[in-house]
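Peer 1: Sharing a model prediction with you, sequence too.
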Amino acid sequence: MEKEIQKVKSVKGCLRVPSDKSISHRSIILTSMANGISSVKNFLRAGDTLTTLNVYRKLGIKITEDKEVIKVHGNGVNGFSEPEDILDMGNSGTTTRLTLGILSGQRFFSALTGDESLRKRPMKRVALPLKQMNAKIDGRENGGLLPLCVRGSDLKGINFFNEKASAQVKSALLIAGLIAEGETKVIEPYKSRDHTEKMLKAMGANIQIDEQNEYTVCIRKTDKLFPIEIDVPADPSSAAFFAAAAVILPDSELVLKDVLINPTRDGFFRKIKQMGAYIEYTNKRKINEEPVADIIIRYSPELKAVQVSKEEIPSMVDEIPILAVVATQAEGDTVITGASELRVKESDRIKAVVENLRNVGVEVEELQDGMVIRGKSKIKGGYVDSFKDHRIAMAFSILGLVSEKGIKIKDADCAYISYPEFFEHLQSVVIK
Ligand code: S3P
């Protein structure tokens, strides 16, 4: 489905954007390993997280739903059953990589595949360390690409340096570490999102976090995990689109409710503040050990260009496309480097952002590991491709709001992967 977004005057109002995708995935994956029934309030019902829900049902986990609450009937760390068919991971890298951690240590055979985008995404980063733990994983390119198959086996703990600071890799290894003999240690150069550690800790796992020198997490075999009650806060990655709209549109003010502000996730908000954006965290509180706030954000006419470097990327890894959109409206050259991971997301996001920005009239230079965006730029508008990537579709919709002749987005319905109500929410806050 194509979508056209026209110039508007401003955005105003209050929104509770959908729940956090990372925590929603984990609220099923991790609780499925508990001994007993966990409950999940405010679970994100979107493409990727519904994939997780379906996959875990196929692995024999009873999951019941009423309007408000999802109940996950965990059967223990080894309580899954052999799926009758190939597991379809859809578009979801998180489901695939975390689930590989579970499947590697079960007593059965399983096979996994995904959509055209997921089948191109690198799985070696998780298959290799899992194989060091004695996992039996095979597939295209020696177990590097989906479809993959797993023959469950007895795992042993390893020490692993997570060079790319990938939370998906870290989480897969921590999950495998729950079943493995001995200790599993994951060391990171920069801290990646830590929802897995927090949730496992709450469930009573044998896990320790050491932040003294490097970022190190240790986990030991845990036979019994307690069920928990989870309330999922709003997703900062989804909130970022609306925050961006408020910052670049004259006269705007938005209140974004219940947003997760975990420091491993709120890098985008800190960065736009550094650019000169008016942004305020109010009503700060904790939900399930996760910091949450209502965010007030206003039009900020004097935005300045910034630099984004490698160590800052993990806390804003999914927000680079929307940060690039904000950078078009800031004075000077914004330089983003150290972001080569963006090339292996749902699309090659460096290429997608650069091509699309050029198509709508922005001067931009492509770097191997990032981009340089020249601001302040008039957005002429035109036609862009989402490359079926939800975050590209939503980022360029926001840019359309400040464009002279509107922006038409190819395959914009892929927003469904993380934010099914995106276009309705956008409609509800724009003032024409
Ligand atoms: C995620 C981790 C990040 C992020 C993805 C979700 C997670 O990926 O880009 O959207 O939930 O663990 P990497 O682990 O590859 O950095």
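Peer 2: Perfect, I can see it now.
Peer 1: What residues does the chain have near the ligand?
Peer 2: Counting by Cβ under 6 Å from any ligand atom, the chain comes close to the ligand at 22, 25, 94, 166-168, 171, 193, 317-318. C-beta here means a position set from N, CA and C on the backbone, and glycine is covered the same way.
Peer 1: Select from those the one having the most neighbours.
Peer 2: Ser171 (30 neighbours; other Cβ atoms under 10 Å).
Peer 1: Mark which of the residues of the chain next to the ligand are part of helices, please.
Peer 2: 22, 25, 94, 167-168, 171 (DSSP state H).
Peer 1: thinking again about what came up before, wait, which of the residues of the chain next to the ligand is closest to Met371?
Peer 2: Relative to Met371, the closest of those is Val317; by Cβ to Cβ it sits at 14.6 Å.
Peer 1: State the distance from that closest one to Lys351.
Peer 2: 16 Å (Cβ to Cβ, to the nearest Å).
Peer 1: Check the closest residue in space to Gly114 that isn't next to it in sequence and give its pLDDT.
Peer 2: Nearest in space to Gly114, with sequence neighbours left out and distances taken as Cβ to Cβ, 6 or more residues apart in numbering, is Met89 at 4.0 Å. Residue-level confidence at Met89 comes out at 98, pLDDT.
Peer 1: just Ile61 next, same as before
Peer 2: pLDDT, Ile61: 98.
Peer 1: Now do the SS call for the residue lying closest to it once chain neighbours are set aside.
Peer 2: Once flanking residues are discounted, Ile61 sits nearest to Ser32: 4.5 Å by Cβ to Cβ, 6+ apart. With DSSP: H, G, I helix; E, B strand; the rest coil as the basis, the three-state label of Ser32 is helix.
Peer 1: re the thing from before, out of the ones in helices among the residues of the chain next to the ligand, which one sits closest to Arg57?
Peer 2: Of all those, His25 has the smallest distance to Arg57: 14.5 Å, by Cβ to Cβ.
Peer 1: from what I can see that closest one touches Thr96, true?
Peer 2: No - when contacts are counted by Cβ atoms under 8 Å, His25 is not listed as touching Thr96 (10.5 Å).
Peer 1: And the residue nearest to Gly114, how far from Val17?
Peer 2: Using Cβ to Cβ, Met89 is found at 25 Å from Val17.
Peer 1: Looking at those two, which has the bigger crowd around it?
Peer 2: In this view Met89 and Val17 are compared by other Cβ under 10 Å, and Met89 has more residues nearby, 27 against 24.
Peer 1: so is the residue lying closest to Lys164 once chain neighbours are set aside in a helix, a strand, or just coil?
Peer 2: Closest residue to Lys164 apart from its sequence neighbours, by Cβ to Cβ, 6+ apart: Glu341 at 6.1 Å. Three-state assignment for Glu341 (three-state DSSP): helix.
Peer 1: Got the domain ranges for this structure?
Peer 2: If you go by automatic domain parsing, the domain ranges for the chain are 3-19+233-431, 21-231.
Peer 1: Would you state the strands of the stretch 201-350 of the chain in chain order?
Peer 2: Residue ranges of the strands in the stretch 201-350 of the chain, as given by DSSP state E, counting those that start in this stretch, are 206-210, 215-220, 229-231, 253-260, 278-287, 290-298, 307-308, 332-336.
Peer 1: Check the offset of the last one from the chain's centre.
Peer 2: This points to strand 332-336. 24 Å (Cα atoms, centre = their mean, to the nearest Å).
Peer 1: pLDDT averaged over it - what is it?
Peer 2: Mean per-residue pLDDT for strand 332-336: 98.
Peer 1: What strands flank that strand, and is each parallel or antiparallel?
Peer 2: As defined by DSSP bridges, the strand partners of strand 332-336 come to strand 307-308 (parallel), strand 370-375 (antiparallel).
Peer 1: Quick check: mean pLDDT of the longest one?
Peer 2: If I follow you right, that is strand 370-375. 98.
Peer 1: Export only the CA atoms of it, formatted as PDB.
Peer 2: Provided in PDB are the C-alpha atoms of strand 370-375 (Å, rounded to 0.1, in the frame of the first residue of the first chain):
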ATOM      1  CA  GLY A 370      27.000   6.100   8.300                       C
ATOM      2  CA  MET A 371      26.100   9.300   6.500                       C
ATOM      3  CA  VAL A 372      26.600  13.100   6.500                       C
ATOM      4  CA  ILE A 373      23.300  15.100   6.200                       C
ATOM      5  CA  ARG A 374      23.400  18.700   5.200                       C
ATOM      6  CA  GLY A 375      21.000  21.000   7.000                       C
END
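Peer 1: how close does the nearest residue to Glu363 once chain neighbours are set aside sit to the ligand?
Peer 2: Closest residue to Glu363 apart from its sequence neighbours, by Cβ to Cβ, 6+ apart: Arg374 at 4.0 Å. Note on Arg374: its distance to the ligand, by Cβ to the nearest ligand atom, to the nearest Å, is 26 Å.
Peer 1: thinking again about what came up before, can you tell me how far the residue nearest to Ile61 is from the ligand?
Peer 2: Noted for Ser32: a distance of 16 Å to the ligand, by Cβ to the nearest ligand atom.
Peer 1: What are the neighbouring residues in contact with that residue?
Peer 2: For Ser32, the contact set (Cβ atoms under 8 Å, 6 or more residues apart in numbering) comprises 56, 59, 61, 72, 74-75, 79-80, 102.
Peer 1: Could you identify the most distant pair in the ones in helices among the residues of the chain next to the ligand?
Peer 2: Counting by Cβ to Cβ, the most remote pair of these is His25 and Ala167, 10.7 Å apart.
Peer 1: Poorly predicted segments of the chain, please.
Peer 2: Where the chain drops to pLDDT under 70, the residues are 213.
Peer 1: quick one: the helices in it?
Peer 2: 21-29, 47-58, 93-103, 124-132, 140-143, 167-179, 195-202, 236-248, 267-275, 320-327, 349-359, 390-400, 422-429.
Peer 1: just checking, what packs against the first one?
Peer 2: Using 3 or more Cβ pairs under 8 Å, 6 or more residues apart in numbering; DSSP states H and E, the elements in contact with helix 21-29 are strand 35-41, helix 47-58, strand 69-75, helix 93-103, helix 167-179, helix 195-202.
Peer 1: Just want the angle from that helix to strand 69-75.
Peer 2: Angle, helix 21-29 to strand 69-75, by axes from the mean of the first three to the mean of the last three Cα atoms, to 10 degrees: 50 degrees.
Peer 1: Touching helix 21-29 from outside, list them.
Peer 2: Here helix 21-29 makes contact (Cβ under 8 Å, 6+ apart) with 38, 40, 43-44, 46, 48-49, 52-53, 56, 61, 63, 70, 72, 92, 94-95, 98-99, 102, 167, 171, 175, 193, 195-196, 199, 230, 232-233, 235, 237, 260, 265, 290, 418.
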